[in-house]
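Trainee: structure, please.
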Amino acid sequence: MTTADGVLVRVKDVEKVFRRGSEEIHVLSGLNLEVPKGDFLALMGPSGSGKSTLLNLIGGLDRATRGSVEIGGERVDQMSDRALAAWRARHVGLVFQFYNLLPVLTAERNVELPLLLTHLSKAERRKHVEAALGIVGLSHRARHYPRTLSGGEQQRTGIARAIVTDPTILLCDEPTGDLDRKSGDEILGLLQGLNKEQGKTIIMVTHDPHASARARRTVYLDKGQLSTTKPE
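Mentor: Numbers count the residues shown, from 1 in each chain. This is a model prediction of the structure:
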């Protein structure tokens with residue numbers, strides 16, 4: 001799923017405006033971004049700069065006020081809500097800062113959740129879950145509940161859930177923000193492995209230069225615009 005020039009993500013002239021009563025808040029202004037297939041991009045910027053908003057637009061979780069968002073040649077900004085939900089389930093893996101695991105489900109059942117939207121049989125779902133947990137090194141913790149897992153193990157479970165459908169793109173919103181440095185480094189190493197060994201295209205929002213250094217490249221978002229140089 002890519003275009004002839006190898007670009008997987010193409011964001012063009014995107015504006016995002018939030019309305020608070022009669023007030024308009026311009027978060028993104030004429031923003032342009034291209035992400036090649038197989039890239040590992042870190043997205044940095046001050047709090048409130050629109051990093052998570054941009055991630056949500058790329059993942060089809062929100063819609064731009066103006067401009068276009070194209071993933072693999074498909075205009076996701078023009079899809080109906082139903083088509084967008086189906087597209088997102090197939091093509092997007094999401095990793096959150098606070099894991100978003102269901103406490104009443106074991107690690108393997110949390111990982112299985114995205115597969116319940118597919119037509120896979122129970123046996124096929126089990127194989128996918130086992131493979132995903134194996135990739136993140138948690139096969140031995142498959143039947144443990146989130147409360148018995150460390151923060152790093154919970155995030156690994158979250159990553160396994162994100163990759164279990166073999167998505168086209170992995171979107172990570174501060175994936176190490178709630179972890180200590182050692183656990184954070186392990187998660188960053190895992191993401192690097194997914195990028196280099198599995199060929200996953202990853203876009204990671206982070207405020208930590210230590211985390212961004214593990215990506216292939218870094219762009220900065222400030223005042224609604226992207227730059228390859230850190231703003232003053």
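
Trainee: number of nearby residues for Thr148?
Mentor: 12 (other Cβ atoms under 10 Å). All C-beta spots, glycine's among them, are computed from the backbone N, C-alpha and C.

Trainee: hmm, I was thinking of Gly48
Mentor: If you count neighbours by other Cβ under 10 Å, Gly48 ends up with 10.

Trainee: that one sits in which helix or strand?
Mentor: Assigned by DSSP states H and E, Gly48 falls within no helix or strand.

Trainee: and it, how far is that from His207?
Mentor: Distance from Gly48 to His207, counting by Cβ to Cβ, to the nearest Å: 11 Å.

Trainee: what is the three-state secondary structure of the spatially most central residue of the chain?
Mentor: The centroid of the chain falls nearest to Leu171 when counting by Cα atoms, centre = their mean (1.1 Å). Using DSSP: H, G, I helix; E, B strand; the rest coil, the structure places Leu171 in strand.

Trainee: what about the strands in this structure?
Mentor: Under the criterion DSSP state E, the chain contains strands at 7-20, 23-36, 40-44, 66-71, 74-75, 92-95, 169-173, 201-205, 217-222, 225-227.

Trainee: which of the ones you listed sits closest to Thr148?
Mentor: Taking Cβ to Cβ, strand 92-95 is the member of the strands of the chain nearest to Thr148, at 20.8 Å.

Trainee: okay, buried residues for that closest one please.
Mentor: Within strand 92-95, the residues that count as buried by 16 or more other Cβ atoms under 10 Å are 92-95.

Trainee: which strands and helices lie in contact with that strand?
Mentor: Counting contacts by 3 or more Cβ pairs under 8 Å, 6 or more residues apart in numbering; DSSP states H and E, strand 92-95 packs against helix 151-163, strand 169-173.
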